[in-house]
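# Model the structure of this input:
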Amino acid sequence: MVYLASTDADKTKNAHTEPHLVAGDAAIMAWYDDGVLDHADALAIAKHLDQPRKAYGIEIRQKEFRWDQATKQRIENGYKQADVWHCSLSLRAEEGPLTDQQWGDIANDFVDAMGFTETSGKAQCRWAAINHGTSENGNHHIHIAVSLVREDGTKASTHGDYKRAQKTCRELEVRYGLEQLSTVHATRGYDRAEKATAIREQREMHRASLARKVRASAGASVAEAEFVRRARDTGLLVRPRFAKNTTDVIVGYSVAERPKPGERPIWFGGGSLASDLKLGALRDGWPDSPQLATEAAAEWNAAAPNKRKVSRTGPEKAAPPAQAWVDYTRNARALADRLRTIPRDDHATWAKAAHEVSGAFAAWSYRLEPVPGPLAATAAELSRTAQLRTPKAHGKPAALPSIAGTAMLFMAASSKNKTAAQTALMVQLINTAFAVYEMHAQSGRTREAQRIRSVVENQLAPFTATMPKAVPVAAEREPAEAAVPRAVDIARRGMAPIRPGPGVPATPTPATTAKTYQPSRRDTAPGLDR
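Numbers count the residues shown, from 1 in each chain. Okay, here's the model as predicted:
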């Protein structure tokens, strides 16, 4: 509460302005109005929230894992006090602020749905919701603090609270006419410190750079051992994560950029980069056999201490034949055609296609862009569709024409010159991006569709216009040299649909924009985006 009511930017690392209550349990709201809170108020509210716990002598302890800083190897079991439940509900900066009445309605609905109030059929938890202005990124938000000891001394359960909170937020977005976040896709975010460090050092964020290189290496590889070698070739440090009590069963991995002299590497697990870059997800795209597993283990074990690679004659050392560009261009076109027939709710198949196309753009970005540019931006945007919230809930993807080898072609391409063959392949990759865009737009995911449209129209199309004219590929329905200006023109006109059916509007229709607020509780107020 002291943090939430503080306006001291030096202590909070984020300037708070006019912290005040927007909602809380009945007693708190009877004592306080919407005036600005000070330190004494914060202590008084904290004392009120904590009173049931102290009165009944209840302790709620939650098991935690403490990382041993001395060895970075050993994990110790420990416990921490866990009698306060805290979360924030936040809007995107583009959505602007809400009124205190709107936030109050949202907060009341949220804690009701989370089971912290008498609507659960149990005793009330004491709670408070604080508005202390926008974040440094412009996000309007509130914080909610809940005492997990109820008025009668019983303990409130937080089992499954993350999933329940996400489900509740999706429902509140609909109820209050807010931008609706995807219930299907979820990407990893970047915290404030990561962004600030990257800006200060004038470089790409570590995780963004790592994800691009890992995505490129995985997309270009036909086996796990090759992936390890390719990742090392991009300059990454790589180490395996072994199953418990084993030294030969590899269940995950971590990567780091090679540090400057005197600095230590900053490691990230594959799953913290992107959900489709977990080792298990990557293995779904590679063949499996005892021999291949042995080869992969050998490369992982050589990579961990940064020793010489086991194999120095892998596929990554061979130059692809010229015909490969023609073959993969046809495959890419076949993929775009096939995607026109894939149901919009076949999320596993769309995720697989987005993963492969994103890998191709990431590989070309690695080869062609010393500083991340339009190719990196396109790879990152398409990778969002490749990351499902619950992959196992969506079954197996349908068989698709494979374009995984396109990443291999781009990784092997010269970093100096663009070629006509690259242009022809680029056109077909843009067609697959159109398909992903249209799938989101026709599924009502306006935000996802607009993000893809923006990166293709504003970044990729101008880049493509600088490419040399393509050489026509036999049996194509239109000359490839005409396709580049056509693709650029389509992008600039708002990405006309490729799927049969009505066109997708370039701007949201009234049904997809935020509703005008009418102050009637629970029915028509705007609200939340989390």
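# got any ranges where the protein has weak pLDDT?
The model of the chain has pLDDT under 70 over residues 8-15, 62-81, 137, 182-183, 185-204, 415-416, 470-530.
# What segments of it are strands?
With DSSP state E, the ranges of strands along the chain come out as 20-24, 61-67, 75-81, 84-90, 127-131, 141-147, 236-242, 250-257, 268-269.
# so what strands line up beside the longest one?
Here strand 250-257 is paired, per DSSP bridges, with strand 236-242 (antiparallel), strand 268-269 (antiparallel).
# And the ones you listed: which comes nearest residue 55?
Of all those, it is strand 268-269 that lies closest to residue 55, at 43.3 Å by Cβ to Cβ. Quick note: C-beta positions are derived from backbone N, CA and C, even for glycine.
# The closest one: how far from the chain's middle?
A distance of 14 Å separates the centroid of the chain from that of strand 268-269, by Cα atoms, centre = their mean, to the nearest Å.
# Need the contact partners of that strand.
The contact list for strand 268-269 (Cβ atoms under 8 Å, 6 or more residues apart in numbering) reads 206-207, 210, 241, 252-256.
# From residue 346, how far off is the residue nearest to residue 285 when sequence neighbours are not counted?
Leaving aside its sequence neighbours, residue 285 sits nearest to residue 404 (Cβ to Cβ, 6 or more residues apart in numbering; 6.8 Å). Applying Cβ to Cβ, to the nearest Å, the value for residue 404 to residue 346 is 19 Å.
# Same drill for those two, tell me which one is more crowded.
Just comparing residue 404 and residue 346: by other Cβ atoms under 10 Å the higher neighbour count belongs to residue 404, 19 against 15.
# Quick check: that one vs residue 360, distance?
Distance of residue 404 to residue 360, computed by Cβ to Cβ: 8 Å.
# Could you pull up the residues touching the closest residue to residue 366 other than its chain neighbours?
Sequence neighbours aside, residue 216 is the residue nearest to residue 366 in space, at 4.6 Å (criterion: Cβ to Cβ, 6+ apart). Going by Cβ under 8 Å, 6+ apart, residue 216 touches 230, 234, 359, 362-363, 365-366, 407, 410-411.
# which among these gets closest to residue 3?
residue 362 (39.1 Å).
# Against residue 101, how distant is the closest one?
46 Å.
# what does residue 237 give?
52 Å.
# More neighbours: these two, which one.
A count of neighbours by other Cβ under 10 Å puts residue 237 above the other of residue 237 and residue 101, at 18 against 15.
# My guess is residue 118 contacts residue 124. True?
Yes - using Cβ atoms under 8 Å as the test, residue 118 is close enough to residue 124 to be in contact (5.1 Å).
# If you count surrounding residues, which of these two has more?
Taking other Cβ under 10 Å, residue 118 and residue 124 do not tie; residue 124 has more neighbours (20 against 14).
# so the more buried one makes contact with residue 111?
No - under the criterion of Cβ under 8 Å, residue 124 is not in contact with residue 111, lying 9.8 Å apart.
# any residues in contact with both of these two?
Here residue 124 and residue 111 have residue 117 as joint contacts, going by Cβ under 8 Å, 6+ apart.
# so which of the strands of the chain comes closest to residue 296?
Nearest to residue 296, of those and by Cβ to Cβ, is strand 250-257 at 7.3 Å.
# Could you pull out the helices in the stretch 351-500 of the chain for me?
Counting by DSSP state H, counting those that start in this stretch, the stretch 351-500 of the chain has these helices, from start to end: 374-385, 404-412, 420-442, 446-455, 461-465, 480-492.
# before we move on, back to that, single out the most deeply packed of the strands of the chain.
Of all the strands of the chain, strand 127-131 has the most neighbours on average by mean count of other Cβ atoms under 10 Å, namely a mean of 26.
# Touching that one from outside, list them.
1, 4-5, 19-25, 28, 37, 45, 49, 100, 103-104, 107, 111, 116, 141-147.
# show me what contacts the residue located most distally from the centre of the chain?
Distance to the chain centre peaks in the chain at residue 55, reaching 43.2 Å (criterion: Cα atoms, centre = their mean). By Cβ under 8 Å, 6+ apart, the contact set of residue 55 is residue 153.
# what do you get for the one 3 residues further on?
The contact partners of residue 58, taken as Cβ under 8 Å, 6+ apart, are 52, 83, 149, 153, 155.
# nearest spatial neighbour of the second one, skipping sequence neighbours?
It refers to residue 83. Spatial nearest neighbour of residue 83, chain neighbours left out: residue 60 (4.4 Å); criterion: Cβ to Cβ, 6+ apart.
# try the fourth one
Leaving out its chain neighbours, the residue that sits closest to residue 153 by Cβ to Cβ, 6+ apart is residue 56, at 3.5 Å.
# The third one too?
The shortest distance from residue 149 to any residue other than its chain neighbours is 4.1 Å, reached at residue 53 (Cβ to Cβ, 6+ apart).
# was I right about the one you found contacting residue 147?
Yes - with contact defined as Cβ under 8 Å, residue 53 counts as touching residue 147 (6.4 Å).
# Overlap in contacts, those two.
Contacts common to residue 53 and residue 147, judged by Cβ under 8 Å, 6+ apart, are residue 83.
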